[in-house]
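Enquirer: Pasting the sequence and the predicted coordinates here, then a few questions.
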Amino acid sequence: MKTYYPIMLDLEGKPCCVVGGGRVAERKARGLLQAGAAVTMISPAFTPELDRLAAAGDVRAIRRPYAPGMAEVRSAQLLFAATNDAAVNALVCEEGRSLGIWVNGAGDTDHGDFILPATARRGRLTVAVSTAGASPGLSRFVRTDIERRLDQDGYAPYVELLHELRHTLQELVADSGERQAMFRAMLQWELLPRLRGETEVPAGLRQMLLHEVRQHPTLSGIRRIGESLLRLDEGT
Ligand SMILES: C[C@@]1(CC(=O)O)C2=NC(=C\c3[nH]c(c(CCC(=O)O)c3CC(=O)O)Cc3[nH]c(c(CC(=O)O)c3CCC(=O)O)/C=C3\N/C(=C\2)[C@@H](CCC(=O)O)[C@]3(C)CC(=O)O)/[C@H]1CCC(=O)O
Ligand SMILES: NC(=O)c1ccc[n+]([C@@H]2O[C@H](COP(=O)([O-])OP(=O)(O)OC[C@H]3O[C@@H](n4cnc5c(N)ncnc54)[C@H](O)[C@@H]3O)[C@@H](O)[C@H]2O)c1
């Protein structure tokens with residue numbers, strides 16, 4: 001069985017090129033724009049949404065069929081073959097390979113270098129789901145299931161709070177081993193149930209925790225904060 005390597009790429013401002021202008025190309029373009037990439041599309045025709053994005057200047061649209069050697073392909077850092085013509089997709093994959101550009105093939109006969117997962121995002125938290133190409137529909141199904149759970153459980157504010165607390169400890173504690181023990185202890189705090197149904201961290205809770213962490217930046221301090229949170233819950 002083939003095993004893929006999952007990765008989070010920083011595409012901010014980087015040139016990415018999508019060949020094709022249909023429904024699949026549009027989905028790839030939307031994902032790239034979310035990541036802040038500089039997107040160029042090559043296709044004789046585009047979906048109405050891609051036409052809108054091009055008119056707004058959000059993507060650059062080259063309105064002609066793909067041909068090997070195009071400057072927009074050569075300058076891309078990531079390449080996507082998403083036409084409905086398997087021979088064209090294969091050519092795009094081949095050109096990407098020969099140029100050393102990572103290429104995604106959207107069809108079953110394409111041989112690209114990477115595939116895309118279905119992605120659930122809530123704030124800084126991203127959950128990516130892949131079936132290694134076995135069933136993209138299942139990836140989508142699992143993604144929507146995860147989104148429902150993340151919304152119910154308050155993970156978006158939770159990850160914001162953890163980000164802030166972790167940053168605070170990084171400034172206060174020099175030893176990385178000690179810090180890691182503290183981060184692990186912090187994850188034992190019963191915070192998630194308090195954030196259920198919230199879209200933001202309640203200001204009082206945030207201030208209280210930041211204050212306590214600044215006052216007690218030690219492993220035993222972090223554990224005690226967790227215990228006092230439990231006592232608060234028990235009303236003692
Ligand atoms: C996850 C997602 C991400 C994205 O594209 O952004 C994605 N496909 C999505 C949806 C989806 N794709 C298809 C259906 C129809 C139902 C079905 O066929 O199951 C649905 C469902 C729908 O649209 O509702 C059809 C399809 N997809 C591929 C082929 C070719 C083939 O392998 O045969 C065919 C058949 C074409 C045909 O037969 O004509 C190929 C790929 N699709 C992948 C990703 C990669 C493997 C992902 C994995 O490992 O699971 C891979 C290998 C390459 C790639 O594209 O990177 C996105 C969900 C986004 C979301 O909603 O969250
Ligand atoms: N990876 C996936 O998630 C996924 C999902 C469904 C289908 N597919 C596959 O992807 C293909 C595309 O699906 P779609 O729904 O976007 O199809 P579509 O028919 O909506 O769009 C095809 C696009 O390719 C463009 N095109 C055709 N020849 C071209 C060329 N020579 N150069 C540049 N662009 C060209 C067309 O102008 C059109 O914009 C399907 O044929 C299928 O094999 C992949």
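Expert: In hand now; what should we look at? Ligands and ions are numbered 1, 2, ... in the order given.

Enquirer: Look at Ala106 and say how many residues are nearby.
Expert: Counted with other Cβ atoms under 10 Å, residues neighbouring Ala106 total 24. From N, CA and C alone the C-beta is placed, and that goes for glycine too.

Enquirer: who touches it in this structure?
Expert: Counting by Cβ atoms under 8 Å, 6 or more residues apart in numbering, Ala106 touches 20, 24-25, 28, 80-82, 89.

Enquirer: ok, of these, which one's closest to Glu171?
Expert: Checking the contacts of Ala106 against Glu171 with Cβ to Cβ, the nearest one is Lys28 at 39.1 Å.

Enquirer: for the closest one, helix, strand, or coil?
Expert: Secondary structure for Lys28, judged by DSSP: H, G, I helix; E, B strand; the rest coil, is helix.

Enquirer: Could you do Trp189 as well?
Expert: coil.

Enquirer: from memory it sits against Ile225, does it?
Expert: Yes - counting by Cβ atoms under 8 Å, Trp189 touches Ile225, with 6.9 Å between them.

Enquirer: of all the contacts of Ala106, which two lie farthest apart?
Expert: In the contacts of Ala106, two members sit farther apart than any others by Cβ to Cβ. They are Lys28 and Asn89, at 12.4 Å.

Enquirer: Now for these two: what residues contact both?
Expert: Joint contacts of Lys28 and Asn89 (Cβ under 8 Å, 6+ apart) are 82, 106.

Enquirer: out of these two, which sits in the more crowded spot?
Expert: Neighbours around Lys28 and Asn89, counted as other Cβ under 10 Å, are more numerous at Asn89. The numbers are 27 against 22.

Enquirer: So the most centrally placed residue in the chain, which state does it fall into?
Expert: For the chain, the residue nearest the mean C-alpha position is Thr126 (4.8 Å; Cα atoms, centre = their mean). Secondary structure, three-state DSSP: Thr126 is strand.

Enquirer: how about the closest residue to it other than its chain neighbours, phi and psi?
Expert: Excluding the flanking residues, the one nearest Thr126 by Cβ to Cβ, 6 or more residues apart in numbering is Thr119, at 6.2 Å. Main-chain torsions, Thr119, degrees, to the nearest 10: phi -130, psi 120.

Enquirer: can you check the one 10 residues further on too?
Expert: Backbone dihedrals for Val129, given as degrees, to the nearest 10, come out at phi -120, psi 130.
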